[in-house]
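>>> Please work out how this folds:
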Amino acid sequence: MTVETDALAEAALQFSEAIRAERTSTLDALATERQAALQIIKALRGENQRRVRQSSGRFAVGFLIGSALGAAAIYMINQRTSEEVRLGLVARAEDTGASLGERIKAAIEAGRRAAASQEQDLWTKYRQRITEKPPTRPREDPLF
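I've put the predicted structure just below:
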């Protein structure tokens with residue numbers, strides 16, 4: 001070998017060693033960054049779980065407080081005796097005159113009448129659409 005060839009071989013060897021060292025340091029840096037990213041993800045998941053537990057606890061406390069306040073308000077507003085309540089319910093049932101079954105039958109019949117009326121309206125509109133001619137569009141002639 002000549003001096004130039006030896007110098008080129010030596011330079012190529014040094015260059016490959018430099019690339020190998022650079023690759024190793026890059027892989028080490030990537031592994032370190034991956035570990036840091038995994039730690040951040042773990043911390044974020046823990047924070048999310050903590051917030052979920054905290055918010056569900058707050059919801060339960062708020063629900064219980066709201067229920068208690070609502071029950072107290074109803075109790076304070078409606079302080080009638082059970083006898084008054086019973087008499088009020090009996091009087092209300094006597095005022096309406098119709099039993100629950102009769103009212104349900106009347107509601108079903110009203111629904112049937114409304115459905116039949118709507119069906120007739122839809123058929124009328126459909127027949128009108130069929131008999132009407134669609135509007136004619138002007139014919140587009142090509143330029144050439």
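
>>> Point out where this structure drops to low pLDDT.
For the chain, the stretches with pLDDT under 70 are 1, 80-98, 134-144.

>>> for it, which helix is longest?
Longest helix of the chain, by residue count under DSSP state H: helix 3-77.

>>> where does Ser99 sit relative to Arg129, distance-wise?
45 Å (CB to CB, to the nearest Å). For glycine as for every other residue, the C-beta is placed from the backbone atoms N, C-alpha and C.

>>> same question, Thr2
97 Å.

>>> cool, Leu27 as well?
With distances taken as CB to CB, Leu27 is found 73 Å from Arg129.

>>> now do Phe63
On the measure of CB to CB, Phe63 and Arg129 end up 54 Å apart.

>>> do Thr32 as well
73 Å.

>>> now swap in Gly66 and tell me
Distance of Gly66 to Arg129, given as CB to CB: 54 Å.

>>> Arg45 too?
59 Å.

>>> With Ser56 instead?
Note on Ser56: its distance to Arg129, by CB to CB, is 55 Å.

>>> Could you do Gly62 as well?
55 Å.

>>> for Ala115, same thing?
Counting by CB to CB - Ala115 and Arg129 are separated by 21 Å.

>>> same deal with Asp28?
76 Å.
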